[in-house]
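# Got a predicted structure here, sequence first:
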Amino acid sequence: MQFKHPEILYFLFLLVIPILVHLFQLRRFKKEYFTNVQFLKELSIQTRKSSTIKKWLLLVTRLLLLACLILAFAQPFFTAKESAKATNEMYIILDNSYSMQAKGQQGELLKRAVQELLEHTPESQNFSLITNSETFWNTDIKSIQKELQDLKYSATPFRLDNLIAKVNARKSAFNKDIVVITDAVGVQANESKSFKKEDNVYFIIPEAEQKNNASIDSIYIQQNLDSFYEIAIKLSANGEISSLPIALYNQTKLTAKTVVNFDGDAKSQLVKFTIPKEDFHGHASITDKGLEYDNTYYFSISKPSKTNVISIGDNEKSNFLARIYTADEFNYTNFPLANLDYNLLEKQDAIVLNELKDIPQALQTTLKSFVNKGGNVTVIPAQESNLTTMNAFLSNFGAIQLKALTSGDKKVTKINFNHPLFSNVFEKKVDNFQYPSTKSAFSISSNTPAILTYEDQSAFLTSISNPLSSVYVFAAPIAKSNSNFQNSPLVVPTFYNMAQSSQKSGVTALTIGENQPFVVETLLSKDEILTVKNKDESFIPVQQLLNTKVKMTFAEQPVQAGNFGIFNGTNPVENISFNYNRTESNLSLANPDITVGYQNSDDIESVFNTIQTDRTDTQIWKWFVWLTLLFLVLELLIQKFVK
């Protein structure tokens, strides 16, 4: 027990006063008995004994009364068990990702969490609020009431470790109380290890009542026909989903509609639609009773333009490429190295180095710039290739090297069906394929997965990719004198897809927050900039001029998914679409393990009550006031009833 005013305890010396008074009243006198009062002797003895008891009772009562009164003024209290944390600063981490759109017992999880903060956060409480998209430092509930009520769902997935890093970066002389409000969907257990040991952490994990949810994961071109595209829409089902309606819109016009059935334990389905081979700028949508944010997928398809391809090498060895890169889809030309026009290279979409014995330094420099600007390069080595020059060239793009040529027949027996080059080529994995072979080959040292693999598990074809382009490297010459690859069914899809740019012939659908670069072909003057906009939103992305192209990156923009246009002033340049990340679609991925080692609470009110209880001293001076009054009443009763 401690005292706020311990100096008042000196007044306890006043307890001597009632003791002295009592001793004065109890002085003993010699008594003489007269004959006429002798008969009262026995009665007098009894009265004297009763009077002595009364005086002792009064003494004790008065001592206790005075002591309690003095103690009450000294204000005694018991120290709170967490009194050392009374100066802690409070931080509230609020998950406003799209999984918090799920419904709990009292509505959407995010809206309910916001309502509890507004209702139960003390007005005098200073705190900092950190969400996926916004941060409010050193504020109070009244100051951010409107902002909380208007808080939108964020396209940025909830990353607890990133938000903790923001809190830890806030320098302070005080320790921290951190309240985390999240449904924990997709959160890894090790993310919560970023808290400091001295942090006082509370977790509030609201739970969705209904976890069934369907989503549109992706859209891509399944087949490229003469006059039509066959597009495939991939749907995912989490929980018990039996059937879903799906509709396809080109802008606001309904193009097609059907119903998708999920049979048995199927967790995904492919839905195929055939659309005209022309500009498409719209979306696909489904209707379910789960989350809403993943029910619409926006995408754009531009009317295909011819792809520009140059191969560099002997004309005889390049004849097979002319049969692949036909005039209806490609502008294809072959140049022997001696006749190469370097000015044409930057205008190409793909360049094939077809069995060059040497790569001049000027060509290496040009190709390095070409790849950085979004062009694809395919390298087919010659048996007489200068490995020193070749490896110096390949080192510009990553950790890939060619090693000594070895002779001996080797069969190509494995296809990486998951590689983007073949992801949409085969409807199912093929086992009885007519695999090609080579008579001699280089060994490839690379840390990237092979696209085509020999029977001895070495790579026949591999690639190095960046967000804009790829460099493909063969392990062997594929001229007919060394390989039958040109006669293999694999040759057409392999070279066709190596030359294609997804932005020219595929679906444009970027994911918000992934910051994937996007290149458009347009010529800008020095002061011109591109703007991305639709009827609801407009922003200027980070952009870099690349001669006749512009490379754009979008960071966390736009805020909302949708179909957008890229404009140079008022002139439209190209269509583009953005979608939310689907990482939070599976509500069954909630991870309660993130709370291990920390305090759990049901709601924010419980957190504030716990903090106040654990850090508030127990004041007991009021009890001494009541005891003072009690002893005062006892004294009056003794005076009145004890004879």
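Sure thing, it's come through. The structure displayed is predicted, hence computed values, not measured ones.
# any idea of the mean pLDDT in the helix or strand containing residue 284?
Using DSSP states H and E, residue 284 sits within strand 280-286. Across strand 280-286, pLDDT averages out at 94.
# One more: stretch 148-167?
Stretch 148-167 comes out at a mean pLDDT of 89.
# Please compute how far it lies from its chain's middle.
8 Å (C-alpha atoms, centre = their mean, to the nearest Å).
# isn't residue 400 right next to residue 461, touching?
No. With contact defined as C-beta atoms under 8 Å, residue 400 does not reach residue 461; the gap is 11.8 Å. Quick note: C-beta positions are derived from backbone N, CA and C, even for glycine.
# what residues are shared contacts of these two?
residue 473 (C-beta atoms under 8 Å, 6 or more residues apart in numbering).
# Please name the bridge partners of the closest residue to residue 250 other than its chain neighbours.
Spatially, and ignoring its direct neighbours in sequence, residue 250 is nearest to residue 282 (4.2 Å; C-beta to C-beta, 6 or more residues apart in numbering). Counting by DSSP bridges, residue 282 is bridged to residue 250, residue 299.
# Any idea how many residues pack against residue 282?
22 (other C-beta atoms under 10 Å).
# for this protein, where's the lowest mean pLDDT among helices and strands?
None of the helices or strands of the chain scores lower by mean pLDDT, DSSP states H and E than helix 502-505, at a mean of 53.
# what about the helices in this protein?
Taking DSSP state H to define them, one finds helices in the chain at 16-25, 41-74, 109-120, 145-149, 160-168, 319-324, 361-372, 387-394, 491-499, 502-505, 604-615, 621-641.
# For residue 275, which of the ones you listed is the nearest?
Minimum separation from residue 275 across those (C-beta to C-beta) falls at helix 502-505, 14.0 Å.
# and stretch 249-262, average pLDDT?
Stretch 249-262 comes out at a mean pLDDT of 91.
# Give me the below-cutoff pLDDT ranges for the stretch 51-200 of the chain.
For the stretch 51-200 of the chain, applying pLDDT under 70 flags the ranges 77-86.
# oh sorry, the question was meant for the stretch 501-643 of the chain
501-505, 614-619, 643.
# circling back to that earlier point, out of residue 400 and residue 461, which sits in the busier spot?
It is residue 461, of residue 400 and residue 461, that has more neighbours when counted by other C-beta under 10 Å, with 26 against 20.
# Per-residue confidence, the more buried one, what does it come out as?
So residue 461 comes in at 92 (pLDDT).
# Can you tell me how far it is from residue 448?
In this view, residue 461 and residue 448 are 11 Å apart by C-beta to C-beta, to the nearest Å.
# what do you get for residue 436?
21 Å.
# Comparing these two, which residue is more hemmed in?
Shown here are residue 436 and residue 448; by other C-beta under 10 Å, residue 436 has more neighbours (22 against 16).
# Tell me who's in contact with the closest residue to residue 473 other than its chain neighbours.
Closest residue to residue 473 apart from its sequence neighbours, by C-beta to C-beta, 6+ apart: residue 379 at 4.8 Å. Counting by C-beta under 8 Å, 6+ apart, residue 379 makes contact with 353, 390, 394, 471, 472, 473, 474.
# you'd agree the last one is up against residue 460?
Just to be clear, that refers to residue 474. Yes. Assessed by C-beta under 8 Å, residue 474 is found in contact with residue 460 at 6.9 Å.
# picking up where we left off before, what's the residue nearest to residue 250 in contact with, if anything?
Residue 282 touches 248, 249, 250, 251, 253, 255, 298, 299, 563, counting by C-beta under 8 Å, 6+ apart.
# any idea how far it lies from residue 296?
Applying C-beta to C-beta to residue 282 and residue 296 gives a distance of 10 Å.
# Thought residue 320 was touching residue 479, still the case?
No. Between residue 479 and residue 320 there is no contact, the gap being 9.1 Å when judged by C-beta under 8 Å.
# now the lengthiest strand in the chain: mean pLDDT?
Longest strand in the chain, counting residues (DSSP state E): strand 400-415. The average pLDDT within strand 400-415 is 89.
# How about that strand, which residues are buried there?
Buried residues in strand 400-415, counted by 16 or more other C-beta atoms under 10 Å: 400, 401, 402, 405, 410, 412, 413, 414, 415.
# Out of those residues, flag the one nearest to residue 290.
residue 415 (36.4 Å).
# Look up which residues are beta-bridged to the closest one.
Residues in beta-bridge contact with residue 415 (DSSP bridges): residue 452.
# what's near enough to touch residue 312?
Residue 312 touches 334, 335, 336, 337, 340, 351, 352, 353, 354, 356, 363, counting by C-beta under 8 Å, 6+ apart.
# Tell me which residues touch the third one, please.
With C-beta under 8 Å, 6+ apart as the criterion, the residues that contact residue 336 are 312, 313, 314, 315.
# Recalculate using a threshold of 7 Å.
Contacts were defined as C-beta atoms under 7 Å, 6 or more residues apart in numbering; by that measure residue 336 touches 314, 315.
# quick revisit: farthest pair within the contacts of residue 312?
That would be 334 and 363, which, of those, are the farthest apart (C-beta to C-beta) at 15.2 Å.
# Domains in this protein, by residue range?
2-79+620-641, 83-208+590-616, 213-301, 307-504, 508-579 (automatic domain parsing).
# on that earlier part again, and the contacts of residue 282, which of them are buried?
Counted by 16+ other C-beta under 10 Å, these give 248, 249, 250, 255, 298, 299, 563 as buried.
# Show me what the residue nearest to residue 473 bridges to in the sheet.
Counting by DSSP bridges, the residues bridging with residue 379 are residue 353, residue 473.
# So what's the predicted local confidence for it?
pLDDT at residue 379 comes out at 92.
# okay, and for the stretch 201-350 of the chain, where does confidence drop off?
In the stretch 201-350 of the chain, residues with pLDDT under 70: 264-266.
# So residue 87 sits against residue 173, correct?
No. Using C-beta atoms under 7 Å, residue 87 makes no contact with residue 173, being 8.9 Å away.
# Of the two, which one has the most company?
residue 87 (10 against 6).
# got the contact list for that one?
residue 174.
# again, but for residue 287
For residue 287, counting by C-beta under 7 Å, 6+ apart, the contacting residues are 244, 245, 295.
# can I get those residues in CSV with distance to residue 512 and neighbour count?
Below are the contacts of residue 287 laid out as CSV (distance: C-beta to C-beta, whole Å; neighbours: other C-beta atoms under 10 Å):
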residue, distance to residue 512, neighbour count
244, 24, 20
245, 26, 12
295, 16, 20
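# Many thanks, we can stop here.
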